[in-house]
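In: Return a 3D structure for these sequence lines:
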Amino acid sequence: MRKIIVGMFLTLDGVMQAPGDPQEDTEGGFKHGGWQVPYFDADAGKILAESMAETYGLLLGRVTYQNFANYWPHAPADEPFAKQMNSMPKFVVSTTLDKVEWNNSTLIKRNVAQEITKLKQQAGTGNLVVVGSSKLAQSLMQYNLVDEYELWLHPVVLGGGKRLFDNGIAKTNLKLVDTKTTGSGIVVLRYAAERK
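Out: Numbers count the residues shown, from 1 in each chain. Okay, the predicted model is just below:
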């Protein structure tokens, strides 16, 4: 059975919104987009490559899917993760999209818990990883489908923005299974979720 891992870049105050680019997600008037970029050093690249090597496919919400689909197919040839991002399976959860065209993408429009449970039960190795996609991650938490969290805590406080663990998320006990740090001060914490 495959694991579902929620992998998120977070600030110390828990903000996950728009880590990579100022225009990535400006919802709610968010003006701090791109906060993660100054901290992404060689250590972070190595840790991310290790995580990507364990990844079978991505679980994406509509906004993250559209951002990725606009970037990765046209990424420079020397972009380290372009080949893998473009070839791996992508499962897109959206009630508003009618189709997904990025290579190897599948649209999930309804019965989200059932469809993702089926994906988990497929034979094979590699994890299904949620990246960005705050609403999808929170839905999977509510369905009790998340097996692990890989949380990249960055040494910055923004004071506002979308948070992964927002109000309404049920109490969940976690067990720390791995910790890594980077020279720039990112702490990567990996937690296993205890099943209810």
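In: and the host helix or strand of residue 120, which residues are buried?
Out: Using DSSP states H and E, residue 120 sits in helix 112-121. Within helix 112-121, the residues that count as buried by 16 or more other CB atoms under 10 Å are 112, 116, 119. Every residue, glycine included, has its C-beta placed from N, CA and C.
In: Next: stretch 170-181.
Out: residue 180.
In: Just put the buried residues of helix 112-121 in JSON lines and tack on pLDDT and distance to residue 58.
Out: Listed next are the buried residues of helix 112-121 as JSON lines, based on pLDDT from 0 to 100; distance: CB to CB, whole Å:
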{"residue": "112", "pLDDT": "95", "distance to residue 58": "15"}
{"residue": "116", "pLDDT": "96", "distance to residue 58": "12"}
{"residue": "119", "pLDDT": "96", "distance to residue 58": "11"}
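In: For those residues, give me JSON lines that also has distance to residue 129.
Out: Formatted as JSON lines, these follow (distance: CB to CB, whole Å):
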{"residue": "112", "distance to residue 129": "16"}
{"residue": "116", "distance to residue 129": "12"}
{"residue": "119", "distance to residue 129": "12"}
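In: just to revisit the earlier point, give me the helices and strands touching the helix holding residue 120, please.
Out: Helix 112-121 is packed against strand 90-93, strand 127-131, with contacts defined by 3 or more CB pairs under 8 Å, 6 or more residues apart in numbering; DSSP states H and E.
In: from the buried residues of helix 112-121, which single one is nearest residue 85?
Out: Nearest to residue 85 out of the buried residues of helix 112-121 is residue 119 (CB to CB; 18.2 Å).
In: The closest one against residue 91, yeah?
Out: Yes. Residue 119 lies in contact with residue 91 (CB atoms under 8 Å); the separation is 6.4 Å.
In: hmm, who's touching the longest helix anywhere in the chain?
Out: Across the chain, the longest stretch assigned as helix under DSSP state H is helix 42-53. Defining contact as CB atoms under 8 Å, 6 or more residues apart in numbering, one finds that helix 42-53 is touched by 7, 80-81, 84, 129, 150, 152, 180-184, 186, 188.
In: Tell me the pLDDT of the residue sitting nearest the centre point of the chain.
Out: Taking CA atoms, centre = their mean, the centroid of the chain lies closest to residue 131, which sits 1.3 Å from it. Model confidence at residue 131, given as pLDDT, is 94.
In: beta partners for it?
Out: On the basis of DSSP bridges, residue 131 is bridged to residue 7.
In: how deep is residue 11 tucked in, by neighbour count?
Out: Residues within reach of residue 11, counting by other CB atoms under 10 Å, total 22.
In: Taking strand 127-131 as reference, get the angle to the helix holding residue 120.
Out: 140 degrees (axes from the mean of the first three to the mean of the last three CA atoms, to 10 degrees).
In: hang on, the earlier thing: okay, and the common contacts of residue 119 and residue 91?
Out: In contact with both residue 119 and residue 91: 57, 128, using CB under 8 Å, 6+ apart.
In: Since that was my last question, I'll sign off now.
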